[in-house]
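> Quick one, what's the 3D model for this:
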Amino acid sequence: MKNFWVTLSILCFCLIAAGSPKDLKIQFIIDEDYLISYTMMRNPVGMYIEDVNQFKDMIWDLDKKSYNQIRYYENHNPQALSLFVKEQHKEFVASIKKSKLYENHLRQTQDYIQTSLKEWEKNLPVAYDFMKRITGQEFNNEITVYITHPAVGNGRMWDKKKNIISFGAWPQFDNYFTVYIWHEIMHLYLPLDPEAHAIIQLATDNALREKMNGTTHPPFVGHESLFPLMENILPLWQNYLAKPDGIERFYLRIKRDVADSP
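Predicted coordinates for the structure are as follows:
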């Protein structure tokens, strides 16, 4: 694993994770402009609530107009948001980066990703083999994960063509970072509908979590709104896990069953 600084105030952690984990090329990035902007948009939870709120208050006092223009910018895609800040609010963000509160915010984010990458690297051989076996995917695309401060909560797939993900969240159970990075990776391979999302939760939030932690499912974890659908799919999913033939084929069978149901 390589940790290095690159230009444009981006802290980049590259983990070239083939058949073996080397096929998965995943880059974890702290883009400082996105880090600052996304923090403006969210309320903190868990650890560092006071630190994050003090940091946001400082930004607000610095320039309320710029704060609101960034906070309510319509495109939250990390690349688009970062570009907007660079083009429209360069001086404002440069002032933020000079503050001690920002140094603390960045350091906390760096500590979070360093700890998370140790977990990811340790788990990668087992998690990769498991996910490849139950999905039939090659996982040979290049993925970029934009990391934000864990107190402000982040976890989303943004762009299937460019393979962009954003993430940052306090762990709710062991190997949480591993499970939910794989969750977002799976969104790159399946459509964006409830059936696909339910299957992804069965595969990652539950089956991968069970593999890594020795838990069982049900009870389920994940978005509770999908639990009824997951419950309906579960018998078919359990049969699938016994002899997986590709998660995309499984998804199409589920969609067919849903369409054929009265």
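
> Pretty sure Phe250 sits against Ile199.
Yes - the pair Phe250 / Ile199 is scored as a contact, 6.7 Å apart, by Cβ atoms under 8 Å. Every residue, glycine included, has its C-beta placed from N, CA and C.

> Give the residues shared as contacts by those two.
Shared contacts of Phe250 and Ile199, defined by Cβ atoms under 8 Å, 6 or more residues apart in numbering, comprise Trp237.

> Let me know the next secondary structure element after the top helix by length along the chain.
Counting by DSSP state H, the longest helix found in the chain is helix 100-135. Reading on from helix 100-135 to the C-terminus, the next helix or strand found by DSSP states H and E is strand 142-147.

> Okay, now the sheet partners of the helix or strand following that next one, with direction.
Following strand 142-147 in sequence order, the next helix or strand is strand 154-159 (DSSP H and E). Next to strand 154-159 in the sheet, as set by DSSP bridges, lie strand 164-168 (antiparallel).

> I'd like the mean pLDDT over the strand it pairs with, please.
Averaging pLDDT along strand 164-168 yields 97.

> what angle separates the helix or strand following it from helix 100-135?
Remark: after strand 164-168, the chain's next helix or strand is helix 176-187, criterion DSSP H and E. What separates the directions of helix 176-187 and helix 100-135 is an angle of 60 degrees, with axes from the mean of the first three to the mean of the last three Cα atoms, to 10 degrees.

> What would helix 176-187 look like as CSV? C-alpha coordinates only.
Below are the C-alpha coordinates for helix 176-187, written out as CSV (Å, rounded to 0.1, in the frame of the first residue of the first chain):
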residue,chain,number,x,y,z
TYR,A,176,-17.8,-2.1,8.9
PHE,A,177,-15.5,-0.2,6.4
THR,A,178,-14.8,-3.4,4.5
VAL,A,179,-18.5,-4.4,4.3
TYR,A,180,-19.7,-1.0,3.1
ILE,A,181,-17.0,-0.3,0.6
TRP,A,182,-18.0,-3.6,-1.0
HIS,A,183,-21.6,-2.5,-0.7
GLU,A,184,-20.9,0.6,-2.8
ILE,A,185,-18.7,-1.3,-5.2
MET,A,186,-21.7,-3.6,-5.9
HIS,A,187,-23.8,-0.6,-6.9
